[in-house]
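Asks: here you go, sequence then predicted model.
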Amino acid sequence: MAQSHPLILRLLASSAVAAGRAGKIIRDIMSRGELGIVEKGKNDLQTEADRSAQRCIIASLSQQFPSLTIIGEEEPSHCEVPSDWIVTDLDQEILSKRCPNEYLEVSDKDVVVWVDPLDGTSEYAQGLLDHVTVLVGVSVKGKAVGGVIHQPYHNYQIQKDTNGRTIWGLVGLGVGGFEPASPPSNKFIVTTTRSHSDGIVQKALDALNPDEILRVGGAGHKVMLLIEGKAHAYVFASKGCKKWDTCAPEAVLTACGGKLTNIFGENYDYSKDVEYPNKKGVFATAKGIDHGSLVKKIPEEVLNALS
């Protein structure tokens, strides 16, 4: 019986299935061509896919874990959720794993789930579909420990009827859904924002002196570049990211042996009462990269702008 498994494994297994269902909703809405775009703020779009995917994930998780704290990017909806959007299946691969001892006694009150139903909305609206991810992050006592990154359009240019790809990670256990790779040793590649750059963001990048800069959308997509071996670091010296952007990516990256902090090298707190913006930026590194030594290269001017 699934109930005999520890809460963290059940929650991660449920999140993986729910994220995949949300990915199908995102593809279906794009196929219909009625995106229902509204502007929440400057360079901050929302589509019908964001709203519907969140309803799917939160309704699915709430039905199975009614006492959990779940925080989503979009405003709560009181619309009825179609029954076929509510999934109660569990990912059997995740359930089959041995839960690390530190999570065996975790209870509902220790856990906060952070949901970004469609990370990379601007890119989605512009047809840059490989930038899009669905993010479900699990924090325990404020630490990002579990995460699901679903890519609804993985390999969509090669495989026309793609069902996407779901990656998951649990700190202390490892990752599933793909094989992590190491970045190249002959050059230094940094990924950063595609559409939210300014002088401070650029100064942080210049200080690292990268051989190549990959400007892409979505925090989930940027972290995927790190764990796929396509970049060494993800640097964003700005206040633009929120907790739902980074909780799942941080957990998966940490489970892979990488690291995600703010621009000062400090960990973010994912407790339920924290403020949502990541006001001190994002600094992430792939496995095997000396995170601390790179953080030390960030100039005082950049740190002062974010302090």
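Replies: Thanks, I have the structure now. Residues are numbered from 1 along each chain as shown.
Asks: which stretches of this structure have low pLDDT?
Replies: 1-3, 33-46 (pLDDT under 70).
Asks: mind listing the strands in it by residue range?
Replies: In the chain, strands defined by DSSP state E lie at 38-41, 44-46, 69-72, 111-119, 133-140, 143-151, 165-170, 174-176, 189-193, 212-216, 233-236, 259-261, 282-285, listed in chain order.
Asks: and those strands: which comes nearest residue 301?
Replies: Across the strands of the chain, the minimum distance to residue 301, taken as C-beta to C-beta, is reached by strand 233-236, at 14.8 Å. Backbone N, C-alpha and C define where each C-beta goes, glycine included.
Asks: what strands flank that closest one, and is each parallel or antiparallel?
Replies: When pairs are called by DSSP bridges, strand 233-236 turns out to pair with strand 189-193 (parallel), strand 282-285 (antiparallel).
Asks: ok, back up a step: save the strands of the chain as CSV, and put in mean neighbour count too.
Replies: Rendered in CSV, the data for these read as follows (neighbours: other C-beta atoms under 10 Å):
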stretch, mean neighbour count
strand 38-41, 10
strand 44-46, 17
strand 69-72, 18
strand 111-119, 27
strand 133-140, 30
strand 143-151, 29
strand 165-170, 25
strand 174-176, 18
strand 189-193, 23
strand 212-216, 16
strand 233-236, 27
strand 259-261, 22
strand 282-285, 26
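Asks: now the ones you listed in a markdown table, with distance to residue 158?
Replies: Shown next, in a markdown table, are these (distance: least, C-beta to C-beta, whole Å):
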| stretch | distance to residue 158 |
| --- | --- |
| strand 38-41 | 32 |
| strand 44-46 | 27 |
| strand 69-72 | 32 |
| strand 111-119 | 22 |
| strand 133-140 | 18 |
| strand 143-151 | 13 |
| strand 165-170 | 12 |
| strand 174-176 | 22 |
| strand 189-193 | 22 |
| strand 212-216 | 19 |
| strand 233-236 | 25 |
| strand 259-261 | 29 |
| strand 282-285 | 27 |
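Asks: among the ones you listed, which is nearest residue 57?
Replies: Taking C-beta to C-beta as the criterion, strand 111-119 is the member of those that comes nearest to residue 57, at 5.3 Å.
Asks: how far does the closest one sit from the chain's center?
Replies: Taking C-alpha atoms, centre = their mean, to the nearest Å, one finds the center of strand 111-119 at 8 Å from the center of the full chain.
Asks: packing partners of it?
Replies: The criterion is 3 or more C-beta pairs under 8 Å, 6 or more residues apart in numbering; DSSP states H and E, and the helices and strands that strand 111-119 contacts are helix 7-32, helix 48-64, strand 69-72, strand 133-140, helix 219-227, helix 243-255.
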